[in-house]
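> Any chance you could fold what I've pasted below:
(2 chains)
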Protein chains: 2
Amino acid sequence: MASKKTVKYVYFFGAGKADGKAEMKNLLGGKGANLAEMAGHPALRLPVPPGFTITTDVCTYYYENKKKYPKVLEKQVNTAIKRVEAILGKKFGDANNPLLVSVRSGARKSMPGMMETVLNVGLTKDTISGLIKNTNNERFVYDAYRRLITMYSDVVMEKAAGIEPASDDKGIRKQLEHIMETMKKEKGVKLDTELSGSDLKKLCEAYKAKIKEVLGKAFPDDAYEQLWGGVGAVFASWEGKRAKAYRKIENIPDAWGTAVNVQAMVFGNMGESSATGVAFTRNPATGENGFYGEYLVNAQGEDVVAGIRTPAPINEYSKSGQNQNLVSLEKGMPKLYKELYSIQNRLEKHYKDMQDIEFTIEKEKFFILQCRIGKRTGPAALKMAVDMLKDKFIKKEEAITRVTPAQIDELLHPMLDPVKEKTKTPIAKGLPAGPGAGTGQAVFTANDAEQWAKDGKKVILVREETSPEDVHGMHSAQAILTAKGGMTSHAALVARGWGKCCIVGCGSIHIDTEKKQFTVKDKIIKEGDWITLNGTKGYVYEGKLDLMEPDIESNVDLKFFLNVCDSVRTLGIRTNADTPGDASIARRFGAQGIGLCRTEHMFFDPARIKSMRKMIVAQTVEDRKKALAELLPYQKQDFLGILDAMEDLPCTIRLLDPPLHEFLPQEESKQKELAQDLGISMEKLQGRIAQLHELNPMLGHRGCRLGVTYPEITQMQARAVFEAAAELTKKKKKVYPEVMVPVVGTKAEMKNQYDIIKAIAEDVQKQYGVKLNYTIGTMIEIPRAAITADKIAEVAEFFSFGTNDLTQMTFGYSRDDIGGFLPDYLNRGILPCDPFQSIDREGVGELIAMGIKKGRSTRKNLKVGICGEHGGDPSSIEFCHIVGMNYVSCSPFRVPIARLAAAQAAIKNKK
Amino acid sequence: MASKKTVKYVYFFGAGKADGKAEMKNLLGGKGANLAEMAGHPALRLPVPPGFTITTDVCTYYYENKKKYPKVLEKQVNTAIKRVEAILGKKFGDANNPLLVSVRSGARKSMPGMMETVLNVGLTKDTISGLIKNTNNERFVYDAYRRLITMYSDVVMEKAAGIEPASDDKGIRKQLEHIMETMKKEKGVKLDTELSGSDLKKLCEAYKAKIKEVLGKAFPDDAYEQLWGGVGAVFASWEGKRAKAYRKIENIPDAWGTAVNVQAMVFGNMGESSATGVAFTRNPATGENGFYGEYLVNAQGEDVVAGIRTPAPINEYSKSGQNQNLVSLEKGMPKLYKELYSIQNRLEKHYKDMQDIEFTIEKEKFFILQCRIGKRTGPAALKMAVDMLKDKFIKKEEAITRVTPAQIDELLHPMLDPVKEKTKTPIAKGLPAGPGAGTGQAVFTANDAEQWAKDGKKVILVREETSPEDVHGMHSAQAILTAKGGMTSHAALVARGWGKCCIVGCGSIHIDTEKKQFTVKDKIIKEGDWITLNGTKGYVYEGKLDLMEPDIESNVDLKFFLNVCDSVRTLGIRTNADTPGDASIARRFGAQGIGLCRTEHMFFDPARIKSMRKMIVAQTVEDRKKALAELLPYQKQDFLGILDAMEDLPCTIRLLDPPLHEFLPQEESKQKELAQDLGISMEKLQGRIAQLHELNPMLGHRGCRLGVTYPEITQMQARAVFEAAAELTKKKKKVYPEVMVPVVGTKAEMKNQYDIIKAIAEDVQKQYGVKLNYTIGTMIEIPRAAITADKIAEVAEFFSFGTNDLTQMTFGYSRDDIGGFLPDYLNRGILPCDPFQSIDREGVGELIAMGIKKGRSTRKNLKVGICGEHGGDPSSIEFCHIVGMNYVSCSPFRVPIARLAAAQAAIKNKK
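Alright, predicted model coming up:
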């Protein structure tokens, strides 16, 4: 029989030893694991105040056993305390030489400020006198005591009593602060530090009386009772409101639990030879390789954060406008600074990443309290990764994972100055559809936007929602704001395609297009009023806020970094581009071809829309062909431009996709105009419009269904593509058009369209006497297409997953209408995220995987890509990598992000 | 080395011998196989004129080898001709005793009239004189010759010349007929038979001259040339327009090909001792076991069909009003009748099914030319199957396959008297949405329909399309006619549910609701005018046509037959029913439970709609709950009725499915009324309506998405179900409610709704102190639900496939909008059939199979059914059987059809 081994719940660290190490984050939490690493790793053995970590297993046990602890825990804690006592020569709860400890949370992933902390645990009537004797500093001890009482009564006692104050204002903490305020008034002082030791002593007594009165229980005067109270409060706070909300946002599983770190207190507030500070091994704002930090003499950690006193720079490098006249640690305590500098050096070398370090100097003795990977801005992340890679400090795979796609995104868009943004309150909040920022004067029609922009004004186009008829105005605007629509609404799609700032679904604004104004609550924004949008967050501000412009072209670090990414990734990156201009931008960003060139946008140009409409209202094939013949030269011109811009690279051109009614005007006045224009009766026109009306246009007569019923449309488009390709080929340019048939659901549809396109290709090749490099494939966007992909691949020469529509039909969600329930679905956790932003791997993803597998079962080397909005989403890109696609295609401004995401996917999923 | 065996392309039959047999239909075609069987089978050895069949393999070879024949064919044909010659003592092409033959097509499945036939092949200058000598009947010979020339020039020569006449009027046949008409005029006679032998001889010369003139080639005067010309024409006609169109309709593969039957001619037109006729071994109209047929003395087969002379009855039994004074074969040629009677007896015994027999008497010698399974009406099919089964003539599995589901359908609806219908021409044609017939006065609003019906009038409701607001009028009407909509539009669904005649998508009628009339071409039908619909065919007639009412209840044969079906089928049959009345009807038809009880229809009742609307416009949860509380007693009453009607049987109740805006009025006047009614401002109401408006309602906020965002709706409905069940349980009734959550796409949605429903169930059980037999399951109608069925089955206790919506989303087809392209898709063969009528096995079916497999991988005994419209479609029912569903559910009037289809599926797919 196996002997029953006691589970180890408590991990000691300190004095060059540690039971744990950095790799044990799951068990010890991030903080605990790093404390163990710093204390015990042979290469570090840093001066960490000794202590111990109670594991996350205890947290799990606690919640599984009605908030009880494992039996052996108390014994293990006591043993660990003994080790701490032995190192420091102090004793917990001892009247002569008392040990004080802090009790802190520490989850696997940092959850800053979300859980509880109690400091100075162990102060009792007995130990206070001992500590006063030892420190000879009554004021210091009572200051520590009143902090303990405040925290403990708030964090432990109030919660344990089950009292839920109506608001923070009514809580015990506020009531205690009120006592202090009263005392300060009586004493005629302003700062806490101006209160004397005996003042504080009196204060502590008043606090304890108040606690007894309000919470009906005395503040505990026993060190161990305080300790267990603190531990319990930390565990309890794992299920607190704030922590739960934070976990939801950050996708942290509830089951992880938190560890508890109990550590000997050290004090930076024991006089002028004491200090506390925070430092970064490199500059977290710029990424520069300079040691950067701040500190405060005679202070505790919370004082640095509280911002009452301005912290001093740790060295010359850290000096700024605000603090340049303060004495740096380097100058003030050179020996200690040297020690700190050496430690930070060792830490960065050890962890091979920029570290965020908390330190305390107690009476000239240096302690390091915490180290963790430092948070950084996008530019800083990029610079650090590039520098460390160039210095051969890290390998390229590591460098690539050091920068998040969101950080690259930051680099690509104008941003609001974050410092100035902090001083403003948004007047409304919508969905962050197009990242970056925009500022301009509000206008309410596309035409106004265009006109004002021509007059040299910066405008923001504000619309209920946008339609293809607004595109010119959207293009002229700095940014777009709509009251309706979701993340993949027309406005959102177009804006993101252009890298333009855009907020959609901003339901709280009420637009009055006639009056040219919008109201939000009782505020009225009139035409010409300045507003500013933060498209990354979805915030709308009144007035003009300063923007910071990005400079991508000359960002050599970015170029270098993305090239490194390219050397690792296996996924190709293409772009969605409908114009030569967009195509060129995307090429500069590194696109390796066009994955989606939509041809319908081309028809909205005023010069062409009339022919398009003529084609739509045509009653006979002949009339339709005539109108199409008018469109042919325009389309050919479009393709000449795009194919030329994409010379040497493949270019997927999608045939007409939307239902025809989208091209006809909806307003009666415009209809009248059109009827006159086309020389037909209003009755006839409205008849045709009514005929084309659909209850569910998303599931209607569109895509290849149009091509089947009106083969002449497909013929015209195919001819335009191939004639353009032939002309370029004659000029010795290498072009690779890939004609893509949309909305295919059956092999027969694909075959029907394939034959039509093929015939035109043959014809054009004969006519021009050239051989074209072209393929004919399809978009897989109908669930049935994925299900029957083996059949469809018998005809289609390539696949491109149209995941927008595939998601719509697989879920049965209309992108345009999802606003009715999506917020509820996200709030209730029914959906983990908006499936139009990130591919739903379980459902839609399964269909995609099936489609690829079946497609390649028929056509072994079938080229497969994705051209939905998901092609620019990092998690979706990873999925595309996993299922073996050849490329992703995204809007030009997301190409750099996609290059990074593809590289990260390759690294993460290396076999 | 294996010796090279010559392929047998020619199968001889005649004189009690045959190379082939009945089982060789694939190779010899139906006709050829039956000729071989009749000639050669020891139990038959009937007097079949000798001949041979050229196999379908030759047809395949012919099309695969540029219309060439296999080399050995000619030799095999010659050998076979020699055998025929030997039997008859005649010689093909011989001047003294010439053999004439017929050349006929014969595919695997009968394609009546779709391919070519040439008779009297072998008549040339030489053989004509021989034949005249032998028959001593010049007139007969030249009559045969002019028939040969006419057929041959039309069937063989004109086609071979590649001449495609602009219309049938311009063809060679017409031109020859014109010559004959001229001659008849000249001779002053009316009938062909009045022309003399020498007239016909002249006519033949004139024919041949005309042919030479028009087709540039002489009519061949060589027997073998004629023979091969005829054979070639038959093979060529396999790819003729008519044949191809017919194959498409009947789903006959192009690859089958046709055989060619060459058979010695026998003549029923060689005087008064000759005759020809058609007979059925049982009455094909009623199914009665009486020998039934017609014949003509001195005539050829085509004369019987042409209807110039009235055929005589073969026996007393076959006498009718028209022919009762004519001499029957039984009386006129008793010996030959006896022979025929004996043969028909042997044939039916041999084939064990009613046979359709063609016979010819040539100079008192009896020949049988063809036998095949006889076509029959629905009632006849049923009676024959039941009689033969009761007589132990066939086994029950055979009896079940003898009746088609469509024939059962015929029995269930009032029908137009087919004889009278033939005399009328439809004024319009639409989609046959609800089978049967209806006649009544046209009305144009639901209210008028109701009022007129109350006044005792029979009305037909004519609408552009119908909505739930029209339901009361639809119910009052005899039949429904709509200008828009498809086979699964609202009107179609509702009508079929009630077994009511309905025609939809009748695009050629133009409705003017204000004037209360519709026009079709230049005809105007006003309110009150009588019209008649044939819903089985989609025909609209002007005026009042007589209907024949079905009498199902007292149809003992039907009851007996369906019980036989029940003994074989493994699929359960449930019904879709929303009211106790429908439920009772379905029970009488044999339904074993309710598979779909829609709860939303219940809200349209005028007494309830106000509360429903109050609920929808409620701004707070409290207001919504108040309105729902008003609805609760109504819903409970509904469920009390339905559960009671379905005592002892399961009853699947689906929670609210459609989006809320469907319950709000669209017209402004009605909106004003409602606003007043609810005591809210018009602005507020319209605001709510605008808020609920969706671009793609099919993919919008509906089904369980409503239940998630407004849990109080689910709670109210669940409470109504369980309280009703509890009250019935207290009355010792056994009820089995199955609560079905619609539009589920994720496990989390199912869990959310499951928990809500379960809680109410627990609560009600406590409240009433009873234990309820209930389950909670879901409708699988979202592709994602099928894909993640394993997850969903962790919560859902049963599945019911909602194949209407599943088809919509899998194909990306909106049922309401499919009219824009479906006709084109069917015409071009892109879809083999409307996927909303018959399950698309390749795509949607694959998803269903996946859903069942995954669902049962989690929950082994998961009960799975189908409740879409497909549940009443025989092919879809077979599919449901194959994939292992537990039951299908269909509208009450399709329950008998489903019982048969399920039995047939079980037989067809027996392992």
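> Return the distance of stretch A:602-618 from the chain's centre.
Put simply, stretch A:602-618 sits 41 Å off its chain's centre (Cα atoms, centre = their mean, to the nearest Å).
> Please apply the same query to stretch A:320-331.
34 Å.
> Next, the buried residues of that stretch.
Judged by neighbour count using 16 or more other Cβ atoms under 10 Å in any protein chain shown, the buried positions of stretch A:320-331 are A:326, A:328-330. Just so you know, the C-beta spots here come from the backbone N, C-alpha and C atoms, and that holds for glycine as well.
> So which of the residues you listed is the closest to residue B:319?
Among the buried residues of stretch A:320-331, residue A:329 lies closest to residue B:319 (Cβ to Cβ), at 125.0 Å.
> Tally up the residues packed near the residue lying closest to residue A:59 once chain neighbours are set aside, please.
Computed as Cβ to Cβ, 6 or more residues apart in numbering or on different chains, the closest residue to residue A:59 that is not its neighbour in sequence is residue A:257, at 3.1 Å. Applying other Cβ atoms under 10 Å in any protein chain shown, we find 22 residues neighbouring residue A:257.
> What of the one 5 residues further on?
Neighbour count of residue A:262, defined by other Cβ under 10 Å: 26.
> same deal with residue A:568?
For residue A:568, using other Cβ under 10 Å, the count is 19.
> separation between it and residue A:360?
42 Å (Cβ to Cβ, to the nearest Å).
> and what of residue A:760?
Taking Cβ to Cβ, one finds residue A:760 at 78 Å from residue A:360.
> Looking only at neighbour counts, state which of these two leads.
More neighbours surround residue A:360 than the other of residue A:760 and residue A:360, with 25 against 21 (other Cβ under 10 Å).
> thinking that one is in contact with residue A:340, fair?
No. Between residue A:360 and residue A:340 there is no contact under Cβ atoms under 8 Å: 10.9 Å.
> Pick out the residue of the stretch 201-350 of chain A closest to chain B.
residue A:248 (13.9 Å; Cβ to the nearest Cβ).
> contacting residues for that residue?
residue A:829 (Cβ atoms under 8 Å, 6 or more residues apart in numbering or on different chains).
> which stretches of the stretch 301-450 of chain A form strands?
If DSSP state E, counting those that start in this stretch is used as the criterion, the strands of the stretch 301-450 of chain A fall at A:312-313, A:355-362, A:365-373, A:415-416, A:428-429, A:431-434, A:437-443.
> among these, which gets the worst mean confidence?
Among the strands of the stretch 301-450 of chain A, strand A:431-434 carries the lowest mean pLDDT, a mean of 78.
> Please state the offset of that one from the chain centre?
Here strand A:431-434 is found 12 Å from its chain centre; the criterion is Cα atoms, centre = their mean.
> same question, stretch A:85-105
Distance, centroid of stretch A:85-105 to centroid of chain: 43 Å (Cα atoms, centre = their mean).
> before we move on, the earlier item: wait, the residue nearest to residue A:59 touches residue A:64, no?
No. Here residue A:257 lies out of contact with residue A:64, judged by Cβ under 8 Å, at a distance of 10.0 Å.
> For the closest residue to chain B within the stretch 501-650 of chain A, give me its contacts.
Chain B sits closest to residue A:507 of the stretch 501-650 of chain A, with a gap of 9.6 Å, by Cβ to the nearest Cβ. Residues in contact with residue A:507 (Cβ under 8 Å, 6+ apart) are A:430, A:483-484, A:819.
> and if we set it to 10 Å?
Residue A:507 sits next to A:428-431, A:483-484, A:819, A:823, B:691 when contact means Cβ atoms under 10 Å, 6 or more residues apart in numbering or on different chains.
> Filter the residues you listed down to the buried ones and hand me the ChimeraX line.
Restricted to buried positions by 16+ other Cβ under 10 Å, the ChimeraX selection for these reads:
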select /A:428,429,430,431,483,484,819
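> Need the per-residue pLDDT for the nearest residue to residue A:598 once chain neighbours are set aside.
With Cβ to Cβ, 6+ apart as the criterion, residue A:598 has its nearest non-adjacent residue at 5.1 Å, and that residue is residue A:578. pLDDT recorded at residue A:578 is 91.
> quick one: secondary structure of residue A:578?
Put simply, residue A:578 is coil when judged by DSSP: H, G, I helix; E, B strand; the rest coil.
> any chance of the contacts of residue A:507 in a markdown table, plus distance to residue A:634?
Shown next, in a markdown table, are the contacts of residue A:507 (distance: Cβ to Cβ, whole Å):
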| residue | distance to residue A:634 |
| --- | --- |
| A:428 | 40 |
| A:429 | 42 |
| A:430 | 36 |
| A:431 | 35 |
| A:483 | 34 |
| A:484 | 32 |
| A:819 | 36 |
| A:823 | 42 |
| B:691 | 40 |
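> Show me which of the contacts of residue A:507 is closest to residue A:416.
residue A:429 (14.5 Å).
> So what sits opposite that closest one in the bridge?
residue A:539 (DSSP bridges).
> can you tell me which residues contact it?
A:503, A:505-508, A:534, A:537-540.
> so where's the stretch 51-200 of chain A uncertain?
The stretch 51-200 of chain A contains residues with pLDDT under 70 at A:163-169.
> Please state the offset of the longest helix along chain A from the chain centre?
In chain A, ranked by residue count with DSSP state H as the criterion, the top helix is helix A:621-645. Helix A:621-645 sits 42 Å away from the centroid of its parent chain (Cα atoms, centre = their mean).
> any idea which helix or strand comes after the strand or helix carrying residue A:179?
In the assignment (DSSP states H and E), residue A:179 maps to helix A:172-187. For helix A:172-187, the succeeding helix or strand toward the C-terminus, using DSSP H and E, is helix A:197-215.
> Name the residues of the stretch 601-750 of chain A found near chain B, please.
A:659-660, A:691-706, A:708-711, A:743-750 (Cβ under 10 Å from any Cβ of the partner chain).
> In ChimeraX, select just the buried ones from those residues.
Here is the ChimeraX command that selects the buried residues among these (16+ other Cβ under 10 Å):
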select /A:659,660,692,694,696,697,698,699,700,701,702,703,704,705,706,708,710,711,743,744,745,746,747,748,749,750
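> Report pLDDT for the residue of the stretch 501-650 of chain A closest to chain B.
Looking at residue A:507, its pLDDT is 81.
> ok, for residue A:747, nearest residue in space, not its chain neighbours?
Distances taken as Cβ to Cβ, 6+ apart place residue A:791 nearest to residue A:747, at 4.1 Å, with adjacent residues excluded.
> Would you agree residue A:777 falls within a helix?
No. Under three-state DSSP, residue A:777 falls outside any helix and is assigned strand.
> Show the contacting residues for the nearest residue to residue A:180 once chain neighbours are set aside.
Nearest non-adjacent residue to residue A:180, counting by Cβ to Cβ, 6+ apart: residue A:203, 6.1 Å away. Applying Cβ under 10 Å, 6+ apart, we find residue A:203 in contact with A:142-143, A:145-146, A:149, A:176, A:179-180, A:182-184, A:192, A:195.
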